[in-house]
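Visitor: Next one to model:
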Amino acid sequence: LVLSFTVDDPDTGDDGDISVFIDSASNIVNMFKLETVTSNSFTILSALPLDRETSGLSIENSIGSAKWILRLIAYDNNLIVTNRLTSTAEVLITLQDINDNAPQFFSSSFSAQISESSNIGTLVISLAATDLDFGTNAEVRYLIPASSSNADSFTLDAITGELRTAAVLSRVTNELLVLDVEATDGTQADTAFVTIAITDINDHNPEFKVNLVTSSIPENSLAGITVAFVSASDLDDGENGRISIFIIGGDPGSQFKINDSNSDAVEVQVAKNDLDRETLSNYVLILAARDHGTPTRQGTSTVTITITDINDNSPVFSPSQYFGTISEDASSGSFVELNTPIIVSDADNGINSQITLSLDVDVVFSISSLGVVSLNMNSILDRETTPSYEIYIVAVDMGTPPLTSSTTLSISIEDVNDNMPVFIQLPYSASLAEDVSIGTPVLTVSADDIDSGANMEVSYRVFSNSEGKFEVDLVSGLIQTTSSLDREQTDFYNLVIVAFDSGSPFMSSTATVSIAILDVNDNIPIFSQSLYTEDVDENDSGSVVLTLEASDLDLNLNSVLIFQYQDPIEGSGLPFTIDNN
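Guide: Numbers count the residues shown, from 1 in each chain. Got it, this is the predicted structure:
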């Protein structure tokens, strides 16, 4: 029974006979029914089991009651339907709540994910459950059963249903956590489980594992040869754990490469065919394993590779040409004085860099392993015969096959004063008129000295027999008169000229210069006496009266005399004749 009520109509008969019904529009799903008790009393009964949470057209008030508004229509039973009178009333039916519903989660299972880097107290998920009851009957409290696994890692707000972290999470330890949760109204409860995926953060560096194939390779290794197998791993997940490996240092010239940089297991290989131990003999490759997280993380490792030598370098002289000197009077075993020490190097290593030295012509000189050049035993030098030697120094390393190089050594023989000047023309002779003036050139003597330098510089001097009449120029060798000549006093000179060099001590030689003094007619004839007296018979005719004698100091025609006389008185016609000859 919901309600009992009466309806009055003051009319009589059919006009006062009352009928009542519930307007179907207000009785959804026929929740209620109307029964007539007497002619004017009625009752409203529930037609179906009542449930506040599922009733239709319910409204709730502040105390959580369900309400239905039923519209009752009462009419009289006048025989003429159109004349019937009606009356309406509304009945407000309130249905009080009881705690007959348990809270209900929206789902029996929930899923969430949270980063392993989350701080304690980070919200994981907000859980929600509903209770169809009202008021205190609908007040839901949330909790984590003590029996639930992972209960210590989370807290659940009893009022809001917010599930938060209570500990630091690690994806490496547990990638997936399952947590039981409960919603209760104090009497009844619902349970669900929450699956929590721990998402990765890039919090681990990749780690290397290096297996050396070889710690040394020859410098002529071909591209593609594997030096090391390298692998790396990363405890992170997904892109954070995907690794690429690179060479990031220790490889000037990019001589090495990674065969597949996008793999976590790679080979370190020779990249080029031009390894050169002499340029770099030891590589310490710095490898980086980088993950693909954001930001990226990396681990490093090193691979040490020693480049071994091959005999690919010839010996090198420094400088590339040498000059030396040695005195021509040097004794056997004497050292050649070099302009710079003989230095030869080989960029190779070990036995490939060990060098022996020799001379291409070793008859006169020899060379030691230290580059000392000396005069061989029984070798005699003569600068005038051989002033210099052009010798090749040959350097040979001890590699297989051996490599060689050579350079020139120019040895100049230093002069000693071992040669005297030699006159070019012997004998020297000249003739000179006795009336030449002082300073007249006679001839030039010349001498050569096959020595060199000061040892070949020749000077001249009159040594003897000049009687002060001649001198010779110290440098040119020109002989000149220094005073007047007189053939009648000296008609021939044999000058001794000495030529001497400027060596120390000097050497000299002599030459004789024969100078004939030519006559000039510089003397008058002289009679043997200045006055001749002779008697002659007056009748003597054709007889020799006397013979005159005269002489002339000159020579040749200059001394041929012609006799003649002069009349003391012109035209007197002396009775004498004279033989002109």
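Visitor: Just list whatever residues bridge to residue 514.
Guide: On the basis of DSSP bridges, residue 514 is bridged to residue 429, residue 494.
Visitor: give me every residue that touches it.
Guide: Under the criterion of Cβ atoms under 8 Å, 6 or more residues apart in numbering, the neighbours of residue 514 are 427, 428, 429, 430, 492, 493, 494, 495. For every residue, glycine as well, the C-beta is placed using N, CA and C.
Visitor: Buried members of those into ChimeraX, please.
Guide: A single ChimeraX command selects the buried members of the contacts of residue 514 (16 or more other Cβ atoms under 10 Å):
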select :428,493,495
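Visitor: Nearest to residue 371 among the contacts of residue 514?
Guide: Distances from residue 371 to the contacts of residue 514, taken as Cβ to Cβ, are shortest for residue 428 (53.3 Å).
Visitor: number of nearby residues for the closest residue to that closest one other than its chain neighbours?
Guide: Leaving aside its sequence neighbours, residue 428 sits nearest to residue 513 (Cβ to Cβ, 6 or more residues apart in numbering; 4.2 Å). Neighbour count for residue 513, taken as other Cβ atoms under 10 Å: 24.
Visitor: And for the one 10 residues further on?
Guide: A count of neighbours around residue 523, defined by other Cβ under 10 Å, yields 17.
Visitor: That one should be in a strand, yeah?
Guide: No. Per DSSP: H, G, I helix; E, B strand; the rest coil, residue 523 lies outside any strand segment and is coil.
Visitor: The closest residue to it other than its chain neighbours: what secondary structure?
Guide: Spatial nearest neighbour of residue 523, excluding adjacent residues (Cβ to Cβ, 6+ apart): residue 553 at 4.1 Å. Look at residue 553: counting by three-state DSSP, its state is coil.
Visitor: Quick check: the gap between residue 553 and residue 357.
Guide: Look at residue 553 and residue 357: by Cβ to Cβ, to the nearest Å, they are 83 Å apart.
Visitor: what does residue 325 give?
Guide: As for residue 325, its distance to residue 357 is 20 Å (criterion: Cβ to Cβ).
Visitor: what about the residue most central in space within the chain, which SS state?
Guide: The residue lying closest to the centre of the chain (Cα atoms, centre = their mean) is residue 252, at 7.0 Å. Following three-state DSSP, we place residue 252 in the coil state.
Visitor: For stretch 92-103, measure first residue to last.
Guide: Across its full length, stretch 92-103 reaches 29 Å between end residues, using Cα to Cα, to the nearest Å.
Visitor: again, but for stretch 31-48
Guide: Using Cα to Cα, the end-to-end distance of stretch 31-48 comes to 6 Å.
Visitor: correct me, but residue 312 touches residue 220?
Guide: Yes. Proximity of residue 312 to residue 220 meets the contact threshold set by Cβ atoms under 8 Å, at 7.3 Å.
Visitor: ok, back up a step: when residue 553 and residue 357 are compared, which one has more neighbours?
Guide: More neighbours surround residue 357 than the other of residue 553 and residue 357, with 20 against 16 (other Cβ under 10 Å).
Visitor: so the more buried one bridges to which residues?
Guide: Beta-bridge partners for residue 357, by DSSP bridges, are residue 395.
Visitor: these two touch, right, it and residue 394?
Guide: Yes. Residue 357 is in contact with residue 394 according to Cβ under 8 Å; the separation is 7.1 Å.
Visitor: picking up where we left off before, how much space separates the residue nearest to residue 428 from residue 430?
Guide: According to Cβ to Cβ, residue 513 stands 7 Å off from residue 430.
Visitor: For this structure, which segments count as helices?
Guide: Remark: helices of the chain are absent; assignment by DSSP state H.
Visitor: Find the least confident helix or strand in it, judged by mean pLDDT.
Guide: Across the helices and strands of the chain, mean confidence by mean pLDDT, DSSP states H and E is lowest for strand 59-60: a mean of 46.
Visitor: where does the chain dip in pLDDT?
Guide: 28-29, 55-66, 211-214, 569, 571-572 (pLDDT under 70).
Visitor: any common contacting residues for residue 513 and residue 430?
Guide: The contact sets of residue 513 and residue 430 overlap at 442, 443, 479 (Cβ under 8 Å, 6+ apart).
Visitor: Report the contact partners of the nearest residue in space to residue 402 that is not next to it in sequence.
Guide: Nearest residue to residue 402 in three dimensions, chain neighbours excluded: residue 396, at 5.2 Å (Cβ to Cβ, 6+ apart). By Cβ under 8 Å, 6+ apart, the residues touching residue 396 are 315, 355, 356, 358, 402, 403, 404.
Visitor: Are any of the residues you listed buried, and if so which?
Guide: Among the contacts of residue 396, those scoring as buried are 315, 355, 403 (criterion: 16+ other Cβ under 10 Å).
Visitor: Please tell me I have it right and the first one contacts residue 406.
Guide: What that stands for is residue 315. No. In this structure, residue 315 is not within contact of residue 406 by Cβ under 8 Å, at 9.1 Å.
Visitor: can you list residues touching both of those two?
Guide: Residues touching both residue 315 and residue 406 by Cβ under 8 Å, 6+ apart: residue 395.
Visitor: who touches the spatially closest residue to residue 476 that is not a sequence neighbour in this structure?
Guide: Nearest residue to residue 476 in three dimensions, chain neighbours excluded: residue 444, at 6.4 Å (Cβ to Cβ, 6+ apart). If you count contacts by Cβ under 8 Å, 6+ apart, residue 444 has them with 476, 477, 478, 479.
Visitor: related to what we said a few turns ago, where does the residue nearest to residue 523 sit relative to residue 519, distance-wise?
Guide: In this view, residue 553 and residue 519 are 9 Å apart by Cβ to Cβ.
Visitor: Same check on residue 389?
Guide: Distance, residue 389 to residue 519, using Cβ to Cβ: 60 Å.
Visitor: can you give me the strands for the stretch 351-500 of the chain?
Guide: Assigned by DSSP state E, counting those that start in this stretch, the strands in the stretch 351-500 of the chain fall at 355-359, 365-367, 373-375, 388-397, 404-414, 422-423, 428-433, 441-444, 447-448, 459-464, 470-472, 478-481, 492-500.
Visitor: Name the nearest residue to residue 501, ignoring sequence neighbours.
Guide: Nearest residue to residue 501, sequence neighbours excluded (Cβ to Cβ, 6+ apart): residue 449, at 4.9 Å.
Visitor: I'd say the one you found and residue 423 touch.
Guide: No. Between residue 449 and residue 423 there is no contact under Cβ under 8 Å: 10.7 Å.
Visitor: Who has more neighbours out of the two?
Guide: A count of neighbours by other Cβ under 10 Å puts residue 449 above the other of residue 449 and residue 423, at 25 against 21.
Visitor: I'd like to know how far that one sits from residue 505.
Guide: Separation of residue 449 from residue 505 (Cβ to Cβ): 14 Å.
Visitor: do the same with residue 48
Guide: Going from residue 48 to residue 505 by Cβ to Cβ gives 159 Å.
Visitor: and if you look at residue 321?
Guide: In terms of Cβ to Cβ, residue 321 sits 36 Å off from residue 505.
Visitor: Between those two, tell me which one has more neighbours.
Guide: With neighbours defined as other Cβ under 10 Å, residue 321 and residue 505 compare such that residue 321 has more, 12 against 6.
Visitor: The more buried one: what's it in contact with?
Guide: 407, 408, 410.
Visitor: May I ask which of those residues has the most neighbours?
Guide: Going by other Cβ under 10 Å, residue 407 tops those with 19 neighbours.
Visitor: isn't it right up against residue 390?
Guide: No. Using Cβ under 8 Å as the test, residue 407 is too far from residue 390 to be in contact (11.3 Å).
Visitor: so residue 16 touches residue 10, yeah?
Guide: Yes. Using Cβ under 8 Å, residue 16 is in contact with residue 10, at 7.0 Å.
Visitor: Compare these two (neighbour count), which wins?
Guide: Set side by side, residue 16 and residue 10 show more neighbours around residue 16, with 15 against 6, by other Cβ under 10 Å.
Visitor: ok, and the closest non-adjacent residue to that one?
Guide: Using Cβ to Cβ, 6+ apart, the closest residue to residue 16 is residue 9 (4.6 Å).
Visitor: swap in residue 84?
Guide: Spatial nearest neighbour of residue 84, chain neighbours left out: residue 78 (4.6 Å); criterion: Cβ to Cβ, 6+ apart.
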